[in-house]
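quick check, what structure comes out for this input:
(one chain, ligands or ions: 1)
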Amino acid sequence: MSAQIESVLQEERIFPVPEAFARQANVSGMAQYEALQAEAEKDNAGFWARLARENLTWIKPFTRSLDESNAPFYKWFEDGELNVSANCLDRHLGTPVENETAIIFEADDGAITRVTYRELYERVCRFASGLKALGYKKGDRAIIYLPMSIQGVVAMQACARLGIIHSVVFGGFSSKSLHERIIDVGATLVVTADEQVRGGRNIPLKAAIDEAFAMGGCEAVRKVIVYQRTGAKVAMESGRDITWDQAIEGQPAECAPEPVSAEHPLFVLYTSGSTGKPKGVQHSSGGFLLQAVMSMKWTFDLKPEDVFWCTADIGWVTGHTYITYGPLACGATEIVFEGIPTWPNSGRFWEMIARHKVTIFYTAPTAIRSLVKAGETSPDHHPRNYDLSSLRLLGSVGEPINPEAWMWYYTNVGGERCPIVDTWWQTETGAHMINPLPGVHALKPGSCAMPLPGIEATIVDETGAEVERGKGGFLVIKKPWPAMIRTIWNDPERFKSSYYPADFQGRYYVAGDGASRDLDGYFWIMGRIDDVLNVSGHRLGTMEIESALVAHDLVAEAAVVGRPDDVTGEAIVAFVVLKGPRPSGAEAKEVATTLRNWVGKEIGPIAKPKEIRFGENLPKTRSGKIMRRLLRNVAKGEEVTQDVSTLENPAILDQLKEAS
Ligand code: PRX
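Down below sits the predicted model:
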């Protein structure tokens with residue numbers, strides 16, 4: 001890790017806060033930031049309690065902020081009651097926001113639908129009333145498998161309105177992944193669509209649900225509600241499957257919000273860890289919403305006149321916090337986009353920013369890197385050809401942004417006028433944790449700068465001791481925070497061992513990332529230090545992909561590693577030993593394609609290995625442990641300089657160096 005750290009620490013460009021930005025910022029200048037930090041340092045629980053009272057609407061006020069009695073199962077504002085959907089919708093009724101646009105939806109084909117807060121409120125109430133009429137109630141679990149759509153936001157908000165715990169599954173996940181999640185979360189309701197439309201293609205969704213049901217064990221699901229996005233003919237099981245329109249038919253546009261404890265689970269979102277089984281990250285209602293709101297104000301400097309666009313999918317945590325909940329709780333106008341950045345051409349994002357006069361734009365480094373390339377090969381769609389003057393702030397999320405991509409974003413998209421907030425956070429953290437505040441921090445390309453007020457982050461070595469500035473180590477969070485993960489659904493022990501490991505006596509939340517701090521105290525994230533890969537900002541466990549590979553009849557053994565990739569950040573490389581002889585030439589290509597498609601079916605297309613190499617064996621120690629470190633060298637095409645004499649079979653490395 002240290003060589004990498006040295007290379008980024010050579011980054012010396014610093015971009016001071018533009019004065020005009022600082023003057024109007026919600027948090028303006030270092031003194032104001034330091035005052036917030038000092039308040040939090042003095043009394044962290046009191047700091048968050050003040051913000052929770054000032055920024056959320058409570059049905060029953062809480063009397064106690066943080067409960068640490070059963071650490072690390074922390075509780076926040078537990079005896080308070082609220083409703084998250086009422087905080088996003090009802091609170092705007094009777095204010096000027098009621099008739100403002102909540103969502104500007106742009107479909108894949110460019111069709112635009114605008115929904116005001118009043119209309120969104122009515123849509124959510126109608127769908128919630130429909131769910132109620134079907135007998136759904138607080139505490140039930142719903143799987144949502146929907147495309148980017150107004151209906152996606154409505155379904156999530158309707159669940160929140162009734163206290164139904166939603167678990168959104170990204171539309172790119174396979175029926176096998178769906179099956180696993182339906183069962184693990186104990187869903188009794190599924191909301192899906194006939195198809196989704198992306199990049200001019202129709203992709204089936206309902207069919208994946210049917211396949212998941214055919215695998216057995218989903219009998220607890222009483223209803224499947226199907227939003228007819230394209231009107232494609234899909235199988236409908238009578239008694240179980242109904243259309244979205246049937247679910248809302250005749251339902252009232254009012255539905256009283258169900259009061260829930262601040263600790264009531266708002267959602268469970270599955271993400272990859274270092275074992276084969278995805279983790280159901282459980283989030284709360286009150287604490288989650290509080291930080292969703294605070295980060296909209298602090299990080300994005302949100303103002304009533306802003307047009308906010310987060311390009312994430314609602315299937316990821318970024319879509320939960322910064323599409324479904326944060327912007328709506330703040331009464332913002334936001335874009336929801338169905339399509340992809342490269343269709344019908346690579347100017348789509350820029351065209352949409354110009355069309356909708358977007359002021360705050362939040363996307364992922366992988367999208368930026370792919371558009372850098374596209375802008376070179378197709379100069380007509382370079383951002384310079386579009387009017388991007390409405391932009392005032394840019395954001396980045398999901399993976400480290402390399403300084404070159406940062407500079408391109410800053411210059412070509414932001415016109416050297418818009419600060420970039422590089423936001424470090426995770427599914428588990430619920431909201432932003434470390435990022436520059438645009439009216440406070442000078443920017444360094446590639447650094448996520450400083451923790452938000454109330455967040456105490458640091459870097460420690462294997463013993464848990466804090467390391468000195470400039471040295472790398474484990475990124476940890478010292479104090480609990482309101483939006484943090486509460487537990488892993490059905491697996492509290494795994495929650496403890498994953499995030500509060502005994503190695504550090506349970507003192508810190510361990511993020512799973514390597515990082516360092518420079519002499520100014522700025523954080524630089526190096527990436528995952530566990531067996532988790534980050535491909536195009538999507539989290540994938542190497543074990544998950546290995547399990548999928550060995551589940552194929554042809555495969556005896558598999559090891560999966562990551563290697564750096566110009567566009568996707570990391571690319572998946574799989575080393576595979578077949579049960580039969582090692583294939584070569586055309587046969588190897590054919591088997592590799594078969595296995596790639598297999599992984600696509602088992603997990604989802606995002607998990608398909610970019611490269612598969614076949615060997616007669618894998619490099620192992622004499623005790624039989626696969627030497628992944630060596631495989632990483634081989635995948636990167638690096639010379640193996642380590643001593644390989646402890647290997648059982650050193651000759652195997654030469655074989656694996658040959659590409660498939
Ligand atoms: O490795 C870090 C990386 O993404 C991981 C979290 O992934 P996920 O739970 O899918 O959430 C992604 C969206 C919040 C982290 O452990 N990561 C996320 N943001 C950044 C980042 N790495 C560097 N810089 C970031 N801004």
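
name the helix or strand for residue 430, please.
Following DSSP states H and E, there is no helix or strand that holds residue 430.

contacts only, for it.
When contacts are counted by C-beta atoms under 8 Å, 6 or more residues apart in numbering, residue 430 touches 283, 287, 288, 291, 292, 317, 321, 483, 484, 485. Quick note: C-beta positions are derived from backbone N, CA and C, even for glycine.

assign a three-state SS to the third one, would you?
Okay, so that is residue 288. Secondary structure, DSSP: H, G, I helix; E, B strand; the rest coil: residue 288 is helix.

how close does it get to the ligand?
As defined by C-beta to the nearest ligand atom, to the nearest Å, residue 288 lies at a distance of 14 Å from the ligand.

wait, that residue touches residue 326, no?
No. Residue 288 is beyond contact range of residue 326, at 9.8 Å (criterion: C-beta atoms under 8 Å).

confidence score at residue 649?
Note on residue 649: pLDDT of 81.

what about it, how many neighbours?
Residue 649: 15 surrounding residues under other C-beta atoms under 10 Å.

residue contacts, the closest residue to it other than its chain neighbours?
Leaving out its chain neighbours, the residue that sits closest to residue 649 by C-beta to C-beta, 6 or more residues apart in numbering is residue 617, at 5.6 Å. Residue 617 makes contact with 557, 577, 649, 652 under the criterion C-beta under 8 Å, 6+ apart.

relative to the ligand, which of these is nearest.
Closest approach to the ligand among the contacts of residue 617 (C-beta to the nearest ligand atom): residue 557, at 27.7 Å.

relative to residue 273, how far out is the closest one?
22 Å (C-beta to C-beta, to the nearest Å).

and what of residue 236?
Distance, residue 236 to residue 273, using C-beta to C-beta: 36 Å.

read off the pLDDT value for the residue lying closest to residue 433 once chain neighbours are set aside.
Distances taken as C-beta to C-beta, 6+ apart place residue 425 nearest to residue 433, at 4.6 Å, with adjacent residues excluded. We have a pLDDT of 98 for residue 425.

hmm, residue 434 and residue 425 touching each other?
Yes. If you go by C-beta under 8 Å, residue 425 and residue 434 touch, sitting 7.5 Å apart.

and the residue of the stretch 301-450 of the chain nearest the ligand?
residue 427 (3.4 Å).

who in the stretch 351-500 of the chain is up against the ligand?
397, 398, 399, 400, 422, 423, 424, 425, 426, 427, 448 (C-beta under 6 Å from any ligand atom).

now, the most widely separated pair of the residues you listed?
Greatest spatial distance in these: 422 and 427, 17.9 Å, computed using C-beta to C-beta.

neighbour-wise, which of those two wins?
Between residue 422 and residue 427, counting by other C-beta under 10 Å, residue 422 is the more crowded of the two (25 against 19).

that one in helix, strand or coil?
strand.

intersect the contacts of residue 617 with the contacts of the ligand.
Of the contacts of residue 617, not one also sits near the ligand (C-beta under 6 Å from any ligand atom).

what's the lowest-pLDDT member of those residues?
Of all those, residue 649 carries the smallest pLDDT score, 81.

about what we covered before: residues in contact with the residue nearest to residue 433?
Counted by C-beta under 8 Å, 6+ apart, residue 425 has contacts 397, 431, 432, 433, 434, 435.

among the residues you listed, which one has the most neighbours?
Within the contacts of residue 425, most neighbours by other C-beta under 10 Å means residue 431, with 32 neighbours.

ok, that residue to residue 85 distance?
For residue 431 relative to residue 85 (C-beta to C-beta), the value is 18 Å.

hmm, back to that, between residue 557 and residue 273, which is the more surrounded one?
Higher neighbour count among residue 557 and residue 273: residue 273, with 22 against 17, using other C-beta under 10 Å.

count of neighbours near the closest residue to that one other than its chain neighbours?
In this structure, residue 273 finds its nearest non-sequential neighbour in residue 279, 4.8 Å apart by C-beta to C-beta, 6+ apart. Residue 279: 27 surrounding residues under other C-beta under 10 Å.

what about stretch 189-203, start to end distance?
Counting by C-alpha to C-alpha, to the nearest Å, you get 22 Å between the two ends of stretch 189-203.

what comes up buried for that stretch?
Neighbour-count burial for stretch 189-203, counted by 16 or more other C-beta atoms under 10 Å, picks out 189, 190, 191, 192, 193, 194, 195, 196, 197, 198, 203.

distance of the residue nearest to residue 433 from residue 292?
11 Å.

what touches both of the two?
residue 431.

for the residues of the stretch 351-500 of the chain next to the ligand, which one is nearest residue 166?
Nearest to residue 166 among those, with distances taken as C-beta to C-beta, is residue 427, at 14.4 Å.

correct me if wrong: that closest one contacts residue 273.
No. At 10.2 Å, residue 427 does not count as touching residue 273 under the criterion of C-beta under 8 Å.

give me the neighbour count for residue 404.
The tally of other residues near residue 404 (other C-beta under 10 Å) stands at 13.

quick revisit: common neighbours of residue 288 and residue 326, please.
In contact with both residue 288 and residue 326: residue 431, using C-beta under 8 Å, 6+ apart.

which stretches of the stretch 101-250 of the chain form strands?
101-106, 112-116, 141-145, 165-168, 189-193, 195-198, 201-204, 223-227, 241-243 (DSSP state E, counting those that start in this stretch).

now render those strands as CSV, adding distance to residue 13.
Putting the strands of the stretch 101-250 of the chain into CSV (distance: least, C-beta to C-beta, whole Å) gives the following:
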stretch, distance to residue 13
strand 101-106, 35
strand 112-116, 39
strand 141-145, 42
strand 165-168, 38
strand 189-193, 45
strand 195-198, 36
strand 201-204, 41
strand 223-227, 47
strand 241-243, 55
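
C-terminal to the helix or strand encompassing residue 371, what's the next element?
Assigned by DSSP H and E, residue 371 belongs to helix 365-377. Sequence order places strand 393-397 as the next helix or strand after helix 365-377, per DSSP H and E.

helices or strands up against that following strand?
Judged by 3 or more C-beta pairs under 8 Å, 6 or more residues apart in numbering; DSSP states H and E, strand 393-397 is in contact with strand 360-363, strand 420-423.

so which of the ones you listed is nearest residue 549?
Using C-beta to C-beta, the helices and strands packed on strand 393-397 put strand 360-363 closest to residue 549, at 31.5 Å.

pairing partners for that closest one, with directions?
Sheet pairing for strand 360-363, assigned by DSSP bridges, gives strand 307-310 (parallel), strand 393-397 (parallel).

what lies in contact with the longest one?
The list of residues contacting strand 393-397 from outside it, by C-beta under 8 Å, 6+ apart, reads 299-301, 310, 312, 318, 359-365, 368, 406, 409-410, 413-414, 418-423, 425, 438, 537.

hmm, 7 Å instead?
Applying C-beta atoms under 7 Å, 6 or more residues apart in numbering, the contact partners of strand 393-397 are 300-301, 318, 360-365, 409, 413-414, 418-423, 438.

buried among these? Need that as a selection in PyMOL.
PyMOL command restricting these to the buried ones, with burial defined by 16+ other C-beta under 10 Å:
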select buried, resi 300+301+318+360+361+362+363+364+365+409+413+414+418+419+420+421+422+423+438
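
sorry, back to before: closest one to residue 89 out of the contacts of residue 425, please.
Residue 89 lies nearest to residue 431 out of the contacts of residue 425, by C-beta to C-beta, at 19.9 Å.

could you measure from the closest one over to residue 289?
From residue 431 to residue 289 the distance is 9 Å (C-beta to C-beta).

what about residue 558, neighbour count?
Neighbours of residue 558 under the rule other C-beta under 10 Å: 25.

mind telling me what element residue 459 is part of?
Residue 459 belongs to strand 457-460 when elements are defined using DSSP H and E.

other residues contacting that strand?
For strand 457-460, using C-beta under 7 Å, 6+ apart, the contacting residues are 433-434, 451, 466-467, 473-478, 508, 515-517, 523.

closest point of the stretch 51-200 of the chain to the ligand, which residue?
residue 170 (10.5 Å).
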